[in-house]
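[1] kindly generate the corresponding structure for this input.
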Amino acid sequence: MRYRVLGGTGLRVSEMFLGAMTFGEEGDMGAPLAECREMLEVYAEAGGNVIDTAINYRGGRSEEFVGELLAGRRDHFVLATKYSVTRDPADINAAGNHRKNLRLSLETSLRRLRTDYIDLYWVHIWDRHTPIEETMRALDDAVRSGKVLHIGISDAPAWIVAQANTFADLRGMAAFAGLQVPYSLLERDIERELLPMAAAFGLTVAAWSPLGGGVLTGKYTRPEPGVPTRLSPSAVGPHELAVARVVQQVADEFGCTPAQIALAWTRARTPAVHPILGARTVDQLEDNLGAAGLALPAETVRLLDATTRFRPGFPTEFIERSSGYVFGERDELLDD
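    Numbers count the residues shown, from 1 in each chain. Next up is the predicted model:
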């Protein structure tokens, strides 16, 4: 495992982050505690040091699992969590990026994670109802209190991130050190504005869903009986299958797995991109970790690039839909 500093900070972070969205069995899509413990051990043995979770993952069980698993060794890891998404659908102020929700969410996460500080606190999703100035001032207060060391933002347009960090710089406040966005061979749209913006501000980029929702793992090019999947073959279109086949061909050529090729591709343009590994089993995680240090030749990157396409309207359309996810059932009561 190789390391880089987080954004403009001095905090060292491993080239791959461990995503804890799968920690917890709520929703029948996660992993039990014993499996999570083994995954954490495998990740740590490989040199990984960043664990990424959120207040809403698995209804809060993810943070509780992480807190239990890090007991006695919390300071050896870079612990990241997020706020924004509703804590209580019945309460209109239990969601969003305003000061009240930040304070209550932070205290909830600290309690669940059994710690008195968060290394990296993410704004989970852009909240168009809250002025970015309020969010930045509240985050700066959390940093000055010592409960948060560094801050980042996930799933937000480039202009919001640029506005936020410019405001913070002018006011001498804590600025975003990281950006978390979806990035894979099937979702390259961040290359238009978000990646150049991140480079201009020196941000670390955490890439979620680097395997295209599982499409790029080889499950459709080399199906194995009994392998669970959230997507049926009929839900994967011709374009996705075409990309998956090319990834499989490249994997065969290099003698590795399709997942390892897909993960290596995310870092081909800049080492500032750190893929988030969201495995559900130890075997999946071990396979993903095989991509550490794997560098693809330029001609291979060009071959893979040629198979993909940009989706018009993304990420703007995604961001516009996100507010309903943030506020839950109460979003319809909010006036623009």
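[2] any weak-confidence spans in this structure?
    27-28, 222-235, 310-336 (pLDDT under 70).
[3] middle-most residue in it, spatially?
    residue 208 (4.0 Å; C-alpha atoms, centre = their mean).
[4] where exactly do the strands run in the stretch 51-200 of the chain?
    78-83, 118-123, 148-154, 176-182 (DSSP state E, counting those that start in this stretch).
[5] for the first one, name the packing helices and strands.
    Counting contacts by 3 or more C-beta pairs under 8 Å, 6 or more residues apart in numbering; DSSP states H and E, strand 78-83 is packed against strand 50-52, helix 99-113, strand 118-123. C-beta here means a position set from N, CA and C on the backbone, and glycine is covered the same way.
[6] quick check, residue 286 in contact with residue 42.
    Yes: Residue 286 is within contact range of residue 42, at 6.0 Å (criterion: C-beta atoms under 8 Å).
[7] and the helices in the protein?
    33-45, 61-69, 99-113, 132-145, 158-171, 194-201, 238-254, 258-266, 282-289, 298-306, 316-327 (DSSP state H).
[8] how about residues contacting the longest one?
    In this structure, residues lying in contact with helix 238-254 by C-beta atoms under 8 Å, 6 or more residues apart in numbering are 185-186, 212, 215-216, 218, 220-222, 236, 257-258, 260-262, 300, 303-304, 307-309.
[9] going through these, which ones are buried?
    Neighbour counting by 16 or more other C-beta atoms under 10 Å classes 185-186, 212, 215-216, 218, 220-221, 236, 257-258, 260-262, 300, 304, 307-308 among those as buried.
[10] residue 86: how many residues sit nearby?
    Residue 86 is flanked by 23 other residues according to other C-beta atoms under 10 Å.
[11] for it, which non-adjacent residue is closest in space?
    Once flanking residues are discounted, residue 86 sits nearest to residue 95: 3.6 Å by C-beta to C-beta, 6 or more residues apart in numbering.
[12] now residue 2
    Among residues not flanking residue 2 along the chain, residue 15 sits closest, at 4.7 Å (C-beta to C-beta, 6+ apart).
[13] identify the bridge partners of residue 187.
    residue 184 (DSSP bridges).
[14] for it, give its distance to residue 181.
    From residue 187 across to residue 181, the span is 9 Å (C-beta to C-beta, to the nearest Å).
[15] am I right that the residue nearest to residue 86 is in contact with residue 102?
    No: counting by C-beta under 8 Å, residue 95 does not reach residue 102; the two are 11.0 Å apart.
[16] compare the two (neighbour count), which wins?
    Neighbours per residue (other C-beta under 10 Å) separate residue 95 from residue 102, with residue 95 holding more: 29 against 23.
[17] quick check: the more buried one vs residue 185, distance?
    Between residue 95 and residue 185 the computed distance is 33 Å (C-beta to C-beta).
[18] repeat for residue 72
    Applying C-beta to C-beta, the value for residue 72 to residue 185 is 40 Å.
[19] I'd like the strands of the stretch 51-200 of the chain as TSV, with distance to residue 168 and mean neighbour count appended.
    Shown next, in TSV, are these (distance: least, C-beta to C-beta, whole Å; neighbours: other C-beta atoms under 10 Å):
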stretch	distance to residue 168	mean neighbour count
strand 78-83	18	26
strand 118-123	13	25
strand 148-154	9	24
strand 176-182	8	24
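[20] including distance to residue 167, could these go into a markdown table?
    Shown next, in a markdown table, are the strands of the stretch 51-200 of the chain (distance: least, C-beta to C-beta, whole Å):
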| stretch | distance to residue 167 |
| --- | --- |
| strand 78-83 | 19 |
| strand 118-123 | 14 |
| strand 148-154 | 13 |
| strand 176-182 | 11 |
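[21] excluding its backbone neighbours, what's nearest residue 71?
    Once flanking residues are discounted, residue 71 sits nearest to residue 114: 6.3 Å by C-beta to C-beta, 6+ apart.
[22] surely that neighbour meets residue 67?
    Yes: with contact defined as C-beta under 8 Å, residue 114 reaches residue 67; the gap is 3.9 Å.
[23] list the buried residues for stretch 183-196?
    183-190, 193-195.
[24] contact partners of it?
    157-158, 161, 179, 181-182, 205, 207-213, 215-216, 240, 243, 247, 262, 265-266, 269-270, 273, 275, 304, 307-311, 314-315.
[25] what separates the first and last residues of that stretch, distance-wise?
    14 Å (C-alpha to C-alpha, to the nearest Å).
[26] what do you get for stretch 53-73?
    The straight-line separation of the ends of stretch 53-73 (C-alpha to C-alpha) is 17 Å.
[27] pull the distance from that stretch to the chain's centre.
    Relative to the centre of its chain, stretch 53-73 is centred 15 Å away, using C-alpha atoms, centre = their mean, to the nearest Å.
[28] quick one: residues contacting the residue nearest to the centre of the chain.
    Applying C-beta under 8 Å, 6+ apart to residue 208 gives the contacts 19, 154, 180-183, 276, 278.
[29] swap the cut-off to 10 Å and go again
    Residue 208 makes contacts with 17, 19, 21, 52, 154-155, 180-184, 187, 275-276, 278, as judged by C-beta atoms under 10 Å, 6 or more residues apart in numbering.
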